[in-house]
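Asker: Sequence first, predicted model second:
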Amino acid sequence: MSTYLLEIVTPERLVYTEQVNSISVRGSEGDLGILPGHLPLVTPLKIAPVRIKIGGQTEVIAVNGGFIEVRNDKVVILAESAERSEDIDVERARAARERAELRLQSKQDQIDHHRAEVALQRALNRLNATSIRTNKN
């Protein structure tokens, strides 16, 4: 089965580098499936889990925005932040979700409201990534 190199990079570190069969990401225009030989592409990513297929296994990484660049034999995801599903502290993610929901319910200025919305999206993304991992095993 054909593969390509996938790298997921944040400003702090290289999160992931492996030969993979395919990935699924959520771009600004919708969901994308990237197989070997995909046409070159650069597009922004939304806050969503990245599903990685290697053989019969699926890995999940919570990616919080950024860009994807697809080249001939390599795909690079430049993410604001990214976390492997097995490294996610579920209780911490639930607490972050609850804090963000409380901030959204309170009366506050637009900047704080926007920050709370993004914090909620990130917390839900982390929880979704752990849920996907749990359901795949």
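Answerer: Perfect, thanks for sending it. Numbers count the residues shown, from 1 in each chain.

Asker: Checking my notes, Val15 in a strand, right?
Answerer: Yes: counting by DSSP: H, G, I helix; E, B strand; the rest coil, Val15 falls inside a strand.

Asker: following the helix or strand containing Glu101, which helix or strand comes up?
Answerer: Secondary structure assignment for Glu101, by DSSP states H and E: helix 90-105. With elements assigned by DSSP H and E, the helix or strand that comes after helix 90-105 is helix 110-136.

Asker: That next one - contacts with which helices or strands?
Answerer: strand 41-54, strand 57-70, helix 90-105 (3 or more C-beta pairs under 8 Å, 6 or more residues apart in numbering; DSSP states H and E). No exception for glycine: its C-beta is placed from N, CA and C like everyone else's.

Asker: Would you point out which residue is most central in the chain?
Answerer: Centroid-nearest residue in the chain, with C-alpha atoms, centre = their mean: Val63, separated by 2.2 Å.

Asker: contacting residues for it?
Answerer: Contact criterion C-beta atoms under 8 Å, 6 or more residues apart in numbering gives Ile8, Val25, Leu45, Ile47, Ala48, Pro49, Val50, Ile77, Ala79, Ser81, Ala82, Asn125 as the residues in contact with Val63.

Asker: Just list whatever residues bridge to it.
Answerer: Beta-bridge pairing for Val63 (DSSP bridges): Ala48, Ala82.

Asker: For it, give me the pLDDT.
Answerer: Looking at Val63, its pLDDT reads 94.

Asker: For the helix holding Glu101, what is the distance to the chain centroid?
Answerer: Put simply, helix 90-105 sits 19 Å off its chain's centre (C-alpha atoms, centre = their mean, to the nearest Å).

Asker: angle of that helix against helix 110-136?
Answerer: If you take axes from the mean of the first three to the mean of the last three C-alpha atoms, to 10 degrees, helix 90-105 sits at 150 degrees to helix 110-136.

Asker: Can you name every helix or strand that helix 90-105 contacts?
Answerer: Helix 90-105 is packed against helix 110-136, with contacts defined by 3+ C-beta pairs under 8 Å, 6+ apart.

Asker: Which positions within the helix it packs on qualify as buried?
Answerer: 116, 119-130, 132-133 (16 or more other C-beta atoms under 10 Å).
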